[in-house]
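**Q** What follows is a predicted protein model with its sequence.
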Amino acid sequence: MSKQEDEMTDMVIDQRAPDRPKPGKRASLAVRLTRTYRTEIAIAIAIVVLLVGISFWSPYVLTWGNLANIAQAAAPLILMSLGVFLVIATSGIALSVGSTFSLTGMVAGLCFSAALPWPLACLISLGVGLAVGAINGGLVTIVGLAPFVVTLITYAIGASLSFVITDGHSIAIADPNFWKLNGGELIPGVTNFVLFCAIAVIALELVLRKLVVGRWVFAIGSNDKAARLLGIPVHGVRFGVYVASGLAASFASLLSLSYISNSESTAGANLMLQAIAACVIGGASLFGGTGSAIGAMLGAIMITVIQNGVNLIGINSFWQGTVTGAVILVAVLIDRATKVRG
C-alpha cells in the first residue's frame, strides 16, 4: 500500500478517534485510555449510579447474589451484542439474531431429544448461526440487497421455523452434563459464562484496535466507497461480520439453554431489539464506523440492570420497554451533543 493510501486510510479511521495525541507528544497510558474509552467510562459510571439509585428502593440490589444474577442474565445478551456490533460498525443491521437465537435453541432441543452427546449437539446447533450468517452475508455482498431487507427476511423465516420444527412446543433438556457449558469452570474460580464473555470482549476489542482487519471494519463503516478504492476487501469483511453475528447469536442461545435447561420457540423474541439497543447505548452509531466491544458489553449490562431493577422495585414488567427506550433516547442525545460540541 502506498504512502498516499496509508494517509487516506488514516483519514477514514480518524473519524472514530478525533482525540489522538499529536505526533511527538505521547500522552500517559491513563490519559490515552480515558480519551479512547470516555464513552465507555461514562456508561460504567451510569451503571453504578443506576445500581445505587435502585438500592434506595430495594436493598437487595447490591447483594452478591443479585449481582451474580445480573451477570448471569447479561451473558447471552453480551455475546449477541458483540456480533450485532460488528455488523453495525460496517453500517449494516442485524435483525435476524433474535430468531437465530430461538431457532438454535429448538435445533439443540431436537439434538438432545435424539440423545446426542452435548458437545456434538452444540456443534450442530452452531451450524444454525453459521448458515443464517452466511445467507445474510451472501445476499448483502453477492446479490447486493439492502441489509435491512435481508435480515428482516431471515428474521421472519427463522422465527417461523423455530415454531414449525417442534410445532411450537418447548423441549426440556435432560442431559445431566450440559449445565457445564454455562456453570462449569474451565478455569478454577471463574464460571464459564463469565470466562466466555471476558474472552469474547477482550479478543474483539484487541482485533478492532490492533489488527488491520479491525481497521477495515471501521473504515468500511465510515466510507465503504473510499475503503474499496483503498483495496480493502469490503465484500469479504462484510460477509465475515454477518457470519460472526450469526455464530454469536447461536452460542448465546446455547449458553442460555445450558442455564435454563428448557428450549422455547420464543426465547429470542425480544433480544434483537435489546442487542441493537446495547450497541447504541454503548456508543455505536447506526451509520457505522464508531463504537467498541467494551461499549456493547456495557450497554448490555445496563439493559439487564434496568430489567433487574424494574423487577426488584415491583414495577409492572410491561414498562421495561418504555424505560429501556428512554435510556436509549438519552444515550443518543448525549452522544449527539458530544459530537456537536467536538
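**A** That came through, no problem.

**Q** alpha carbons only for contacts and neighbour counts from here, please
**A** Noted.

**Q** Let me know how buried residue 170 is, in neighbour terms.
**A** 17 (other CA atoms under 10 Å).

**Q** which ones are touching it?
**A** For residue 170, the contact set (CA atoms under 8 Å, 6 or more residues apart in numbering) comprises 106, 262-265.

**Q** Please tell me how far it sits from residue 285.
**A** Plainly put, residue 170 is 37 Å away from residue 285 if you go by CA to CA, to the nearest Å.

**Q** go on, residue 133?
**A** Relative to residue 285, residue 133 is positioned 21 Å away (CA to CA).

**Q** higher neighbour count, the two?
**A** Using other CA under 10 Å as the criterion, residue 133 and residue 285 rank with residue 133 on top: 29 against 21.

**Q** now the more buried one, nearest residue through space, not along the chain?
**A** residue 243 (3.9 Å; CA to CA, 6 or more residues apart in numbering).

**Q** and the gap between the one you found and residue 309?
**A** Computed with CA to CA, the distance linking residue 243 and residue 309 is 34 Å.

**Q** ok, now residue 112?
**A** Distance, residue 112 to residue 309, using CA to CA: 35 Å.

**Q** Quick check, central residue of this protein?
**A** residue 81 (1.0 Å; CA atoms, centre = their mean).

**Q** mind checking which helix or strand it is in?
**A** helix 64-89 (DSSP states H and E).

**Q** I'd like the next helix or strand past that helix.
**A** Later in the chain than helix 64-89, the nearest helix or strand by DSSP H and E is helix 97-113.

**Q** and that next one, how far from the chain's centre?
**A** Relative to its chain's centre, helix 97-113 lies at 18 Å (CA atoms, centre = their mean, to the nearest Å).

**Q** Pull it out as CSV, backbone CA atoms only.
**A** Extracted as CSV, the C-alpha positions of helix 97-113 are listed here (Å, rounded to 0.1, in the frame of the first residue of the first chain):
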residue,chain,number,x,y,z
VAL,A,97,-30.3,-12.5,15.6
GLY,A,98,-33.3,-13.0,17.8
SER,A,99,-34.9,-15.6,15.6
THR,A,100,-31.5,-17.2,15.2
PHE,A,101,-31.3,-17.5,19.0
SER,A,102,-34.7,-19.1,19.1
LEU,A,103,-34.1,-21.5,16.1
THR,A,104,-30.7,-22.6,17.6
GLY,A,105,-32.4,-23.5,20.9
MET,A,106,-35.1,-25.6,19.1
VAL,A,107,-32.5,-27.4,17.0
ALA,A,108,-30.4,-28.0,20.1
GLY,A,109,-33.6,-29.4,21.8
LEU,A,110,-34.1,-31.8,19.0
CYS,A,111,-30.5,-32.9,19.2
PHE,A,112,-30.8,-33.6,22.9
SER,A,113,-34.1,-35.4,22.3
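
**Q** counting contacts, what elements does that helix pack onto?
**A** For helix 97-113, the contact count by 3 or more CA pairs under 8 Å, 6 or more residues apart in numbering; DSSP states H and E identifies helix 118-138, helix 147-164, strand 171-172, helix 234-260, strand 262-263, helix 271-281 as packing neighbours.

**Q** Mind listing what's buried along the longest one?
**A** Taking 16 or more other CA atoms under 10 Å as the neighbour-count basis, helix 234-260 is seen to contain the buried residues 234-235, 237-259.

**Q** And the strand or helix carrying residue 40, what does it pack against?
**A** For residue 40, the host element (DSSP H and E) is helix 38-55. Contacts defined by 3+ CA pairs under 8 Å, 6+ apart place helix 38-55 against helix 293-313.

**Q** ok, and what's touching the helix it packs on?
**A** So helix 293-313 is in contact with 39-40, 43-44, 47, 50-51, 54, 57-58, 61, 70-71, 73-74, 77-79, 81-82, 85, 201-202, 204-205, 274-275, 277-284, 316-317, 320, 323-324, going by CA under 8 Å, 6+ apart.

**Q** List only buried entries from those residues.
**A** Among the contacts of helix 293-313, those classed as buried by 16+ other CA under 10 Å are 39-40, 43-44, 47, 51, 54, 61, 70-71, 73-74, 77-79, 81-82, 85, 201, 204-205, 274-275, 277-284, 320, 324.

**Q** now could you export just the CA positions of the host helix or strand of residue 35 as CSV?
**A** Using DSSP H and E, residue 35 sits in helix 29-36. Provided in CSV are the C-alpha atoms of helix 29-36 (Å, rounded to 0.1, in the frame of the first residue of the first chain):
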residue,chain,number,x,y,z
LEU,A,29,-1.4,5.5,29.5
ALA,A,30,-4.2,6.7,31.8
VAL,A,31,-4.9,9.8,29.6
ARG,A,32,-4.9,7.7,26.4
LEU,A,33,-7.3,5.2,27.9
THR,A,34,-9.5,8.0,29.1
ARG,A,35,-9.6,9.6,25.7
THR,A,36,-10.2,6.3,23.9
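
**Q** Mind checking the pLDDT average for that helix?
**A** If you average the pLDDT over helix 29-36, you get 78.

**Q** ok, now stretch 142-162?
**A** For stretch 142-162, the mean per-residue pLDDT is 94.

**Q** How about stretch 229-236?
**A** 93.

**Q** what's the span of it from first residue to last?
**A** With CA to CA as the measure, stretch 229-236 spans 15 Å from end to end.

**Q** Likewise for stretch 178-196?
**A** 16 Å.
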